[in-house]
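A.B. asks: Everything below, folded, please.
(one chain, ligands or ions: 3)
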Amino acid sequence: MNTEKLSTGTAWAETGDLRALMMRAARIRDTHWGRTVTYSRKAFVPLTNMCRDTCGYCTFVKHPDSSEANIMTPEQVLATARRGELEGCKELLFSLGEKPELRYEKARKGLERLGYSSLTAYLADMCALVLRETSLLPHVNAGTLTDDEIDVLRPVSASMGMMLETVSRRLTRKGQPHYACPDKVPVQRLRTLERAGQKQVPFTTGLLIGIGESFAERIEALHAINEAHARHGHIQEVIIQNFQRKPDIEMASHPEPSLEDMLRTIAAARIILAQDISLQAPPNLSARHIAYLEAGINDWGGISPVTIDFINPQHEWPEIRALARSSTEAGFELRERLTVYPRYLTREQDFINPAILARAAGMAGPGGLARDQRHIGETA
Ligand SMILES: O=c1nc2n(C[C@H](O)[C@H](O)[C@H](O)CO)c3cc(O)ccc3cc-2c(=O)[nH]1
Ligand SMILES: C[C@H]1O[C@@H](n2cnc3c(N)ncnc32)[C@H](O)[C@@H]1O
Ligand code: SF4
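C.D. replies: Ligands and ions are numbered 1, 2, ... in the order given. Purely as a prediction, here's the structure:
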């Protein structure tokens, strides 16, 4: 029903009455998610910043010739994980460049020195290390994945993710942000979404807003995500991320999306997507993030007490207590969640390796998340 309304309603969402659109989305959120907004307490591991792609907006990638190009060692991974553990984190987020060894000698050599011939094999071993040595749950954000890569990563992670970004093929043309980026060809991203579903991986995806896509293309992308979810039930959350400008990226003079554009997109997402898909927008990316709640989100995403947001390093994480306070003022209770959503934590399904499921179920139970509400401060 929502779908039908929106195919005729794209114009309404784009240019119609903003308050009415947001109210409709907020009502849907209230019905399914209530007046609670969640976050995942996580430590961030940028396993490598080398990448065979060169997205025009990327604030993270370093060319191998740069002195900053690196691959983290197992000792560094473990040190970050341990700091996260001490601060009460439950998630370890691996975010990294894509297949740099297929393009750059330096990446090949670096992996060889660590004893690996592929980044995915190294990543899988680092997930296993974190599982073995710490209490954290690994979440893998490694971009596009083949069937084989999912098979290697699935047994050692609680959940995975990949931003669909966009379905616009136009943006792969010369002069556009995804030009010469083999991992950002929409059909490759869509195939990854589908494979993750076939293999029953609890999956995070989302859209990057303001990189040159049209409003109609965003709607098309939301429908594509929804259709994959209807087939497989694996989409746990969708992130609506605003493009962030930085001086040292190709898109340094490209305008950022306006707050209104973000609100319209968030509201349209809440109206289009299946109600059991969590809707996330990051709080550190907008000073006026509270308006996102009024447009229908129910989640702030991963928030780290120990590491910066390496993807958007110019924006500091709001202190968790401060976020709790402003959420409360807006009429929402801030609650911690795990990287994997509760509906995947039952034994009747084929989601998640049983050992990781047991760990996550234990963390979700009494003495886990509930105990850690104290970190949040006033709302405890
Ligand atoms: O701190 C960040 N976390 C990002 N996350 C992590 C996210 O905030 C949480 O860790 C997830 O909600 C899982 O709990 C992503 C996860 C994905 O699977 C795909 C894309 C992203 C993007 C970001 C990001 O830009 N910054
Ligand atoms: C991990 C995710 O970070 C996002 N990402 C990369 N660069 C930027 C930027 N400048 N602004 C906002 N998001 C960005 C992409 O959507 C990627 O998939
Ligand atoms: S694929 Fe990811 S890491 Fe690589 S350039 Fe694009 S956004 Fe950056």
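
A.B. asks: Contact partners for Gly47?
C.D. replies: I think there's a mix-up here, since residue 47 is Leu and not Gly. Contacts for Leu47 (CB atoms under 8 Å, 6 or more residues apart in numbering) come out as 71-72, 77, 94-96, 119, 122-123, 126. C-betas here are computed from N, CA, C, even on glycine.

A.B. asks: would TSV of those with pLDDT, secondary structure and neighbour count be doable?
C.D. replies: Below are the contacts of Leu47 laid out as TSV (pLDDT from 0 to 100; DSSP: H, G, I helix; E, B strand; the rest coil; neighbours: other CB atoms under 10 Å):
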residue	pLDDT	secondary structure	neighbour count
Ile71	98	strand	24
Met72	98	coil	20
Val77	98	helix	24
Phe94	98	strand	23
Ser95	97	strand	21
Leu96	98	coil	26
Leu119	98	helix	27
Tyr122	98	helix	23
Leu123	98	helix	25
Met126	98	helix	26
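
A.B. asks: unless I'm mixing things up, Leu92 is touching Arg41, no?
C.D. replies: No: Leu92 lies out of contact with Arg41 (CB atoms under 8 Å); the separation is 10.7 Å.

A.B. asks: Name the residue in these two with the higher neighbour count.
C.D. replies: Taking neighbours as other CB atoms under 10 Å, Leu92 and Arg41 compare with Leu92 leading, 29 against 24.

A.B. asks: what's the spacing between Ala196 and ligand 2?
C.D. replies: Here the criterion is CB to the nearest ligand atom, to the nearest Å. By it, Ala196 lies 15 Å from ligand 2.

A.B. asks: give me the residue from the stretch 51-200 of the chain nearest ligand 2.
C.D. replies: Residue nearest to ligand 2 within the stretch 51-200 of the chain (CB to the nearest ligand atom): Met163, separated by 3.5 Å.

A.B. asks: Skipping adjacent residues, who's closest to that residue in space?
C.D. replies: Gly206 (4.9 Å; CB to CB, 6 or more residues apart in numbering).

A.B. asks: quick one: secondary structure of whichever residue of the stretch 201-350 of the chain sits closest to ligand 3?
C.D. replies: Nearest residue of the stretch 201-350 of the chain to ligand 3 (CB to the nearest ligand atom) works out as Ile311 at 8.0 Å. Following DSSP: H, G, I helix; E, B strand; the rest coil, Ile311 is assigned to coil.

A.B. asks: Pull out the buried residues from the top helix by length along the chain.
C.D. replies: For the chain, the helix with the greatest residue count under DSSP state H is helix 215-232. By 16 or more other CB atoms under 10 Å, the buried positions in helix 215-232 come out as 215, 217-226, 228-229, 232.

A.B. asks: same check, this time on stretch 321-336
C.D. replies: Neighbour-count burial for stretch 321-336, counted by 16+ other CB under 10 Å, picks out 323-328, 332, 334-336.

A.B. asks: how long is it from one end to the other?
C.D. replies: Taking CA to CA, to the nearest Å, stretch 321-336 runs 12 Å from one end to the other.
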